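K.L.:
Any chance you could fold what I've pasted below:
(4 chains)
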2 protein chains.
Amino acid sequence: MAEERPPRADALRNRAKILDAAEAVFAAQGLSASTEDVARRAGVGIGTVFRHFPTKDALIEAVFLGRVRTLAAKAEALSEAEAGPALFAFFAYAVEQAATQNAYADVLAEAASAAAPAGEGSPREPGASPVGAELASALEALLERAQRAGAVRSDIGAPELMALLIGASRAAERVGPDVRNRTLAIMFDGLRPLR
Amino acid sequence: MAEERPPRADALRNRAKILDAAEAVFAAQGLSASTEDVARRAGVGIGTVFRHFPTKDALIEAVFLGRVRTLAAKAEALSEAEAGPALFAFFAYAVEQAATQNAYADVLAEAASAAAPAGEGSPREPGASPVGAELASALEALLERAQRAGAVRSDIGAPELMALLIGASRAAERVGPDVRNRTLAIMFDGLRPLR
DNA sequence: ATATAATCGGAGTCGTGACTCCGATTAGAA
DNA sequence: TTCTAATCGGAGTCACGACTCCGATTATAT
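P.N.:
Just a heads-up that it's a prediction; the model follows:
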């Protein structure tokens, strides 16, 4: 059918530059940052940005995908460690990210509602957003291991953990590190098995 | 000095209509809803909206003030009940509101950063936003009572509780009632004294 | 009932930001 | 080197939303 041509070298380079720039800009200014800012930061014209990503949403989604992949990789890496600490470390890491980078919490929230198999909320087009699925499954694996090791109470599931994670991330956005850590500690205590 | 005239009756009526409409519209569509939507819903012209509230932000703040007052009143009312349950009930109520009404969580977040005495984040003009202060003090009172009654661990302060509340509210926005309640339960367990 | 000062309404202004279009540029094949 | 198709850049278009302006309307004092 259609012949697939390999993309030109400069096109690939620009795509990468745009993605990096977008990540930086969104982190600094939030998702309402303008596409022009992204283009400027990437050192390309706006036209180029829209050539690579037909829509601002597409660009955002691409950035999100990268972030979630990073998170999932982190979870993967931690799966070698001891079960309980692994989960908590991942949790803390994710929240730390959210505290540092603006709009990172949005990534999580978006990923979550994308991953949710069934929700009463906003309907989702079928086939949209594979973004959250891998993160969800990574989280689920961590949780299960931690529960089997007796480090986390057994009466909760991945959705609750996800909600907690999102909440913590959002809460971390406007709070100092000390309060953030104490808040995390409270959540962790709540997650431990009841005695 | 300047003679103060009592406002006209219709002006007061319109102001109230606008406030009600704004609350409904923001609850339904979030804070990005347009001022025209508010005007239409209130059954007045845009000009009228801007006469009463010189800025969209001013309108938002006015709506927020009402909401926070309601919350504070709820806290007040609960202060008659037993200390521990009172705090938890308030917490659950606030989160419930956030889950139902869009952008209610923003109210809390805004109120919180307004109330925070010192933050490294965005600087605040002095004298701005008395909105959060009363809520903060109400919350603080509830917390202190609950701690004295031994229902809540004593090593946390109002900032942590506030962060938790905001997080829970934000997390509740896109989640079903069952997950929400289980998540709340986890937080409550974390808040109880360590055994 | 009349005067008058305040309020109302909504068409119009202004700024912003997503997205398009096309001539200039350039990577890569021959 | 030369040719060609793909990419680049950014000025221009378009939609939207906050906010202004002023003639029409109306509450209230006399």
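K.L.:
Contacts only, for the residue nearest to A:Ala149 when sequence neighbours are not counted.
P.N.:
Distances taken as CB to CB, 6 or more residues apart in numbering or on different chains put A:Ala83 closest to A:Ala149, at 3.6 Å, once the chain neighbours are dropped. Yep, even glycine has a C-beta here, placed from its N, CA and C like the rest. Shown in contact with A:Ala83 (CB atoms under 8 Å, 6 or more residues apart in numbering or on different chains): A:142, A:145-146, A:148-149, A:151.
K.L.:
Then A:Ala92?
P.N.:
A:Leu184.
K.L.:
so is it in a helix, a strand, or just coil?
P.N.:
State at A:Ala92, reduced to three classes by DSSP: H, G, I helix; E, B strand; the rest coil: helix.
K.L.:
I'd like to know which elements the helix-or-strand element of chain A with minimal mean pLDDT is packed against.
P.N.:
Every helix and strand of chain A was ranked by mean pLDDT, DSSP states H and E. The lowest is helix A:104-115, at a mean of 75. Where contact means 3 or more CB pairs under 8 Å, 6 or more residues apart in numbering or on different chains; DSSP states H and E, helix A:104-115 is packed against helix A:56-78, helix A:83-100, helix A:131-148, helix A:158-172.
K.L.:
which one is the spatially most central residue of chain A nearest to, not counting chain neighbours?
P.N.:
Against the mean C-alpha coordinate of chain A, by CA atoms, centre = their mean, the closest residue is A:Val68 at 3.8 Å. Excluding its sequence neighbours, the residue lying closest to A:Val68 (CB to CB, 6+ apart) is A:Leu135, at 4.9 Å.
K.L.:
Poorly predicted segments of chain A, please.
P.N.:
Along chain A, the parts satisfying pLDDT under 70 run over A:1-4, A:114-131, A:195.
K.L.:
Recalculate using a threshold of 80.
P.N.:
Scanning chain A for pLDDT under 80 picks out the ranges A:1-5, A:102, A:107-134, A:195.
K.L.:
For it, which residues are neighbours of chain B?
P.N.:
Residues of chain A lying close to chain B by CB under 8 Å from any CB of the partner chain are A:105, A:109, A:112-113, A:119-121, A:153, A:155-156, A:159-160, A:163-164, A:166-176, A:179-180, A:182-183, A:185-191, A:194-195.
K.L.:
Tell me how chain A divides into domains.
P.N.:
A:8-54, A:64-191 (automatic domain parsing).
K.L.:
among these, which is nearest DNA strand D?
P.N.:
domain A:8-54 (1.8 Å; CB to the nearest atom of the strand).
K.L.:
my guess is the residue nearest to the centre of chain A meets A:Ser137, correct?
P.N.:
No: using CB atoms under 8 Å, A:Val68 makes no contact with A:Ser137, being 11.5 Å away.
K.L.:
Please convert the contacts of A:Ala83 to JSON lines, extending it with neighbour count.
P.N.:
Shown next, in JSON lines, are the contacts of A:Ala83 (neighbours: other CB atoms under 10 Å in any protein chain shown):
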{"residue": "A:Leu142", "neighbour count": "25"}
{"residue": "A:Arg145", "neighbour count": "19"}
{"residue": "A:Ala146", "neighbour count": "24"}
{"residue": "A:Arg148", "neighbour count": "11"}
{"residue": "A:Ala149", "neighbour count": "14"}
{"residue": "A:Ala151", "neighbour count": "19"}
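K.L.:
mind putting the residues you listed in JSON lines, distance to A:Asp10 included?
P.N.:
Shown next, in JSON lines, are those (distance: CB to CB, whole Å):
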{"residue": "A:Leu142", "distance to A:Asp10": "41"}
{"residue": "A:Arg145", "distance to A:Asp10": "45"}
{"residue": "A:Ala146", "distance to A:Asp10": "47"}
{"residue": "A:Arg148", "distance to A:Asp10": "51"}
{"residue": "A:Ala149", "distance to A:Asp10": "50"}
{"residue": "A:Ala151", "distance to A:Asp10": "50"}
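K.L.:
Just give me the closest of the residues you listed to DNA strand C.
P.N.:
Checking the contacts of A:Ala83 against DNA strand C by CB to the nearest atom of the strand gives A:Leu142 as the nearest, at 35.4 Å.
K.L.:
residue contacts, the closest one?
P.N.:
By CB under 8 Å, 6+ apart, the contact set of A:Leu142 is A:75, A:78-79, A:83, A:86-87, A:90.
K.L.:
Check the secondary structure at the nearest residue to A:Ala28 once chain neighbours are set aside for me.
P.N.:
In space, and not counting its chain neighbours, A:Ala28 is closest to A:Asn102: 6.5 Å by CB to CB, 6+ apart. The local conformation at A:Asn102, judged by three-state DSSP, is coil.
K.L.:
A:Leu65 versus A:Asn102, what's the distance?
P.N.:
Per CB to CB, to the nearest Å, A:Asn102 is found 18 Å from A:Leu65.
K.L.:
For B:Arg170, see how far away A:Leu143 is.
P.N.:
Separation of A:Leu143 from B:Arg170 (CB to CB): 21 Å.
K.L.:
same deal with A:Ser32?
P.N.:
Applying CB to CB, the value for A:Ser32 to B:Arg170 is 18 Å.
K.L.:
what's the offset of stretch A:57-64 from the middle of its chain?
P.N.:
In terms of CA atoms, centre = their mean, to the nearest Å, the gap separating the centre of stretch A:57-64 from the centre of its chain is 12 Å.
K.L.:
ugh, wrong one, I meant stretch A:54-61
P.N.:
On CA atoms, centre = their mean, the centre of stretch A:54-61 falls 16 Å from that of its chain.
K.L.:
thinking again about what came up before, how far off helix A:158-172 does the least confident helix or strand of chain A point, in degrees?
P.N.:
160 degrees (axes from the mean of the first three to the mean of the last three CA atoms, to 10 degrees).
K.L.:
how about the residues of chain A near DNA strand D?
P.N.:
Counting by CB under 7 Å from any atom of the strand, chain A comes close to DNA strand D at A:5, A:7-8, A:10-11, A:14, A:43-48, A:50-52.
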